[in-house]
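Chemist: predicted coordinates and the sequence they were generated for:
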Amino acid sequence: MKTVTANVKNYRAAPRKVRLLADFVRGKDANKALAELQFVNKRHAPAIAKAIASAIANAKENTDMDTKNLVISSIEVQEGKTMKRFRAGSNGRGLPMRKRLSHIHVTLTEQIN
C-alpha cells in the first residue's frame with residue numbers, strides 16, 4: 001500500500017482548535033474532504049485544506065498514484081513552540097500571554113477498489 005505525506009509546520013493556531021477540523025476529515029476521501037472544507041465555518045479550515053492539497057500534489061508529482069482514489073489515512077495536529085508575550089495589566093504589571101503554534105501532518109493512502 002503506497003502512502004504519501006505532507007506537513008505544515010509552525011502554523012499560527014492553537015492545536016486544540018485545529019484538531020476539531022482534523023477529526024472532521026479523518027478517514028474521508030481526500031477530494032471530498034477538500035470540497036467539504038470549503039463550507040466549514042472555521043478560521044483554520046483553509047490551512048487543513050492546503051495541507052491535504054499539498055499531499056495530493058505530492059502523490060501526483062512524486063509517485064504514480066491515482067489521485068482520485070486517495071483517502072486520508074491519518075491526520076495529526078501536534079503542538080509546536082509557544083510564543084510567550086506580555087500584555088498590559090493593572091498597576092503597571094505585565095500579564096503573560098501564550099501564543100501557541102501547531103504542526104499538521106497528513107498521510108494519504110491509495111484506496112483499492
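Modeler: Structure received. Numbering: from 1, shown residues only.
Chemist: what's the single longest helix in this protein?
Modeler: Longest helix of the chain, by residue count under DSSP state H: helix 45-62.
Chemist: next secondary structure after that one?
Modeler: strand 70-88 (DSSP states H and E).
Chemist: quick check: which ranges of this protein have low pLDDT?
Modeler: 113 (pLDDT under 70).
Chemist: dihedrals phi and psi, the residue of it most remote from its centre?
Modeler: Distance from the C-alpha centroid of the chain, by Cα atoms, centre = their mean, peaks at residue 91 (40.7 Å). Here is the backbone geometry of residue 91 (degrees, to the nearest 10): phi 60, psi 30.
Chemist: contacts only, for it.
Modeler: Not one residue lies near residue 91 by Cβ atoms under 8 Å, 6 or more residues apart in numbering. Where C-beta positions appear, they are placed from N, C-alpha and C, glycine not excepted.
Chemist: from residue 98, how far out is it?
Modeler: Distance of residue 91 to residue 98, computed by Cβ to Cβ, to the nearest Å: 22 Å.
Chemist: now residue 13
Modeler: 13 Å.
Chemist: which one's more surrounded, the two?
Modeler: Set residue 13 next to residue 98 and count neighbours by other Cβ atoms under 10 Å: residue 13 wins out with 18 against 9.
Chemist: spell out which residues sit in contact with the more buried one, please.
Modeler: Neighbour list for residue 13: 43, 44, 47, 100, 101, 102 [criterion: Cβ under 8 Å, 6+ apart].
Chemist: same thing but 7 Å
Modeler: Counting by Cβ atoms under 7 Å, 6 or more residues apart in numbering, residue 13 makes contact with 44, 102.
Chemist: does it count as helix, strand or coil?
Modeler: Here residue 13 is recorded as coil under DSSP: H, G, I helix; E, B strand; the rest coil.
Chemist: for it, give me phi and psi.
Modeler: Dihedral pair for residue 13: phi -160, psi 150, per degrees, to the nearest 10.
Chemist: can you tell me how far it is from residue 45?
Modeler: 11 Å.
Chemist: that's a helix at residue 112, yeah?
Modeler: No - going by three-state DSSP, the assignment for residue 112 is coil, not a helix.
Chemist: that one - how many residues pack around it?
Modeler: 6.
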